[in-house]
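Participant: how would this look folded up:
(chains A and B)
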Number of protein chains: 2
Amino acid sequence: MKILVTGGSGFIGSHLVNALVDKNHRVSVIDLKKGENKKVKYFVGDLLDKKFLEEVFKKEKFKAVFHLAAKTSVSESVKNPYDNFESNVVGSLNILEECRKNKIKYVLFASSSTVYGNRGYCREKDKLFPVSPYGASKGSVDLYLNSYANMYNMNISSLILANIYGPGNEKGVIYDFYNKLKKNQKELEILGDGNQSKSYVYIDDCVKAFILVFYKMVEGEVSGCNYFNVGSDEQMSVKGIAKTISKILGVNPVYKFTETWKGDVTNFLLDNSKLKRLGWRIENNTEKGIEKYLMYLIKN
Amino acid sequence: MKILVTGGSGFIGSHLVNALVDKNHRVSVIDLKKGENKKVKYFVGDLLDKKFLEEVFKKEKFKAVFHLAAKTSVSESVKNPYDNFESNVVGSLNILEECRKNKIKYVLFASSSTVYGNRGYCREKDKLFPVSPYGASKGSVDLYLNSYANMYNMNISSLILANIYGPGNEKGVIYDFYNKLKKNQKELEILGDGNQSKSYVYIDDCVKAFILVFYKMVEGEVSGCNYFNVGSDEQMSVKGIAKTISKILGVNPVYKFTETWKGDVTNFLLDNSKLKRLGWRIENNTEKGIEKYLMYLIKN
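Facilitator: Okay, here's the model as predicted:
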């Protein structure tokens, strides 16, 4: 099938692209930079450039679109809310409009657990209550997805992602701790009190969620507008991550706690039962995933 | 107090402006056209023109902003979702950014019951589930309000409005029925089966809601981000409206039912208890309000 992945050169996008190519789909990517998969057609450009989008869509006649392109930094969104809004909301509406006009059969969107705000335990039916502009940007698109699916009879699935980590990810707490410990094994600075408890999902399990939902859409089992939480079974505290990494690396640092950053959601777990009912299984729990990721970081 | 009302030349805006002027505030308006209140400073321009907004805000140093400017047609939003998105969401973000940068103390927003979608009975804590692009546009802004209030310590109130009607309103079912009956008293065409049951609020009661919430913000009783449903105590069916109008006009038409329009929310009532706890009282129930409005339409 002819598929477009926006943000296909980014962390999650590049893994997804590889998986789709492995399944023999003809994959194109729209991103600000080229990626590395040789079987993929890369269109370098900006989602805010409507003419560019129009041309790519007209030329390629995609059957499915995975829309992942976004500015993903929560703290940056707090500093520059408008910048984040333009990329994430205006950019998404531009993509949605192309999907509507070109009658794209299957649309998938990478949303974020930040749409729920400080709720703690989050089910898909819960009210969106984003505290960061980033969360508001993803939540806004989620609202529009429902409206587009309803008004224009489109099939749209939104995957509400917890913290995704793994090879290729160059931000986030695991990456941060690893690099700090590489420099200094004696001391580890932790933002916040370390009791922030969150949900972390290993990249392979995240990609599997996208592929699973996509295939269920193609089979007609999932239709209309649907939201799926993509989260781990258990929370892990930031202190727990520090301990897990220290154990794997065989180091024993002193923890130094500093102020956390604005906009952080400090405690959440996603109800993942809806996705599990579709057949999703987590193959890497947080400990196993962290170990895999660290092995990659050490090698690279 | 120095106050800006965006959309202050429109239906609800012009009534609100008059009420604020009557209370001796210094009122400015940003709108695409000039309004008629001689005590008001009108700035004619587009919310998408950021330079224009920047200049007005810098020059005027407002203390409060009532943001009402929007494209309000649900059916138009279905035809041109992007056009509606730009005016309502991008325009609102432009205003929000100015409010943030200029540290506006009190921000009030006119949201819409369409954010709830086809829920029926709607409380402020309910999940937003807009079906029309118009509803999604208002809901998106509502999400951003929460994020801005949280991140930048702003006081923001969103008034989630039912169908507002009254003098100056030149669309909607009451206006439509009146004009049809003026042309032909024997027959009345009704979109849908007439059983659509909705909440209607007379303009004076709506303006009172804005003023009440604003004063409670000034007094500090309402702070942070708050949402208030502005709805009637009772629903009225479209057939009920037809009967009420026919009775007042002393006519007895045959009803002719036709297909309804896409994007319509056919059944809703807003829980208005939160606003009532603040002291809001409805002075015009739907029958009384319709009578007042018809008297105005007949005279004008």
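Participant: OK, contacts around the closest residue to residue A:144 other than its chain neighbours?
Facilitator: With Cβ to Cβ, 6 or more residues apart in numbering or on different chains as the criterion, residue A:144 has its nearest non-adjacent residue at 4.6 Å, and that residue is residue B:136. Every C-beta, even on glycine, is put in place using the N, C-alpha and C of the backbone. The neighbourhood of residue B:136, defined by Cβ atoms under 8 Å, 6 or more residues apart in numbering or on different chains, consists of A:140, A:143, A:144, A:146, A:147, B:130.
Participant: Taking their axis directions, the stretch of helix or strand the third one belongs to and helix B:133-152 sit at what angle?
Facilitator: Pointing back at residue A:144 there. Assigned by DSSP states H and E, residue A:144 belongs to helix A:133-152. For helix A:133-152 against helix B:133-152, the angle by axes from the mean of the first three to the mean of the last three Cα atoms, to 10 degrees is 170 degrees.
Participant: Contact residues of the stretch 51-200 of chain A facing chain B?
Facilitator: A:78, A:81-82, A:85, A:89-90, A:93, A:97, A:100, A:117, A:125-133, A:135-136, A:139-140, A:143-144, A:146-148, A:150-151 (Cβ under 8 Å from any Cβ of the partner chain).
Participant: are any of those buried, and which?
Facilitator: Among these, those buried by neighbour count (16 or more other Cβ atoms under 10 Å in any protein chain shown) are A:78, A:81-82, A:85, A:89-90, A:93, A:97, A:100, A:117, A:128-133, A:135-136, A:139-140, A:143-144, A:146-148, A:150-151.
Participant: can you tell me which residues contact residue A:110?
Facilitator: Residues counted as contacts of residue A:110 (Cβ under 8 Å, 6+ apart) are A:7, A:12, A:66, A:67, A:68, A:70, A:159, A:161.
Participant: so which of these is the most crowded?
Facilitator: Using other Cβ atoms under 10 Å in any protein chain shown as the neighbour test, the contacts of residue A:110 are led by residue A:66, with 29 neighbours.
Participant: contacting residues for that one?
Facilitator: Residues in contact with residue A:66 (Cβ under 8 Å, 6+ apart) are A:3, A:4, A:5, A:6, A:8, A:13, A:16, A:108, A:110, A:210, A:214.
Participant: Which residue ranges make up the domains of chain A?
Facilitator: Domains of chain A are assigned by automatic domain parsing as A:2-164+A:201-230, A:166-198+A:233-267+A:284-299.
Participant: measure the first one end to end?
Facilitator: For domain A:2-164+A:201-230, the first-to-last residue distance is 25 Å (Cα to Cα, to the nearest Å).
Participant: Could you do stretch A:273-288 as well?
Facilitator: 21 Å.
Participant: contacting residues around residue A:194?
Facilitator: A:237, A:238, A:239, A:242, A:255, A:257.
Participant: Quick check, the third one in contact with residue A:197.
Facilitator: Translated: residue A:239. No - checked against Cβ atoms under 8 Å, the pair residue A:239 and residue A:197 is beyond contact range at 9.3 Å.
Participant: What's the local residue count around the nearest residue to residue A:191 once chain neighbours are set aside?
Facilitator: Of all residues not flanking residue A:191 in the chain, residue A:260 sits nearest, at 4.8 Å (Cβ to Cβ, 6+ apart). Other residues lying near residue A:260 total 15 when counted by other Cβ under 10 Å.
Participant: now residue A:75
Facilitator: Residues near residue A:75, counting by other Cβ under 10 Å, number 12.
Participant: That one touches residue A:261, doesn't it?
Facilitator: Yes - with contact defined as Cβ under 8 Å, residue A:75 counts as touching residue A:261 (4.9 Å).
Participant: mind checking how far residue A:207 is from chain B?
Facilitator: Computed as Cβ to the nearest Cβ, to the nearest Å, the residue A:207 to chain B distance reads 28 Å.
Participant: Revised request: answer the last question for residue A:253.
Facilitator: Between residue A:253 and chain B the distance is 32 Å, computed by Cβ to the nearest Cβ.
Participant: Quick one: residues contacting that residue.
Facilitator: Per Cβ under 8 Å, 6+ apart, neighbours of residue A:253: A:181, A:184, A:185, A:186, A:187, A:188, A:242, A:246.
Participant: what's the pLDDT at the residue nearest to the second one when sequence neighbours are not counted?
Facilitator: For residue A:184, ignoring the flanking residues on the chain, the nearest one in space by Cβ to Cβ, 6+ apart is residue A:253 at 7.5 Å. Among the per-residue scores, residue A:253 holds a pLDDT of 97.
Participant: For chain B, what's its nearest residue on the stretch 51-200 of chain A.
Facilitator: residue A:140 (3.6 Å; Cβ to the nearest Cβ).
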